[in-house]
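S.K.: After the sequence you'll find the predicted model.
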Amino acid sequence: MTHKPDSATAMQQLIEEVRHTMPLNEPETFVCGPKGSCIGCPKKLLELVDSEICYWESALEQGEKPLLGEVSRFAKLCRNVHRGLARSGILERYQTKQAGESDTDPA
């Protein structure tokens, strides 16, 4: 039988997954669309997720253990932002770029 991770481990795993799946460090996603053409402002959504990640990484480094409700709220925030980024086409462009980079990596 597998054991569920504690809340700190669950939060760390969630942070790693979000860093891997969302374009948090891509400069082209932090630009507002021309004449209000963006849907759900990807810049603001990603800044919100990034600030939450920074907060939780700092809290975890200081030994703070998040409550299960806090892990759940962060996961819900990330799901909603992910859905918004998918609607605006940001995720598709990011995933295409990631796939192109992994094809050229000499691993």
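M.R.: Looks like it came in fine. Numbering: from 1, shown residues only.

S.K.: Any figure for the gap between Phe74 and Pro5?
M.R.: 15 Å (CB to CB, to the nearest Å). Where you see a C-beta, it was placed from the backbone N, CA and C, and this is true even at glycine.

S.K.: oh sorry, the question was meant for Thr96
M.R.: Counting by CB to CB - Thr96 and Pro5 are separated by 32 Å.

S.K.: show me the contacts for the residue nearest to the spatial centre of the chain.
M.R.: The structure's the chain has its C-alpha centroid closest to Val18; by CA atoms, centre = their mean the separation is 3.4 Å. Counting by CB atoms under 8 Å, 6 or more residues apart in numbering, Val18 makes contact with 24, 49, 53, 78.

S.K.: In TSV, list these along with secondary structure and pLDDT.
M.R.: Below are the contacts of Val18 laid out as TSV (DSSP: H, G, I helix; E, B strand; the rest coil; pLDDT from 0 to 100):
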residue	secondary structure	pLDDT
Leu24	coil	86
Val49	helix	95
Ile53	helix	97
Cys78	helix	96
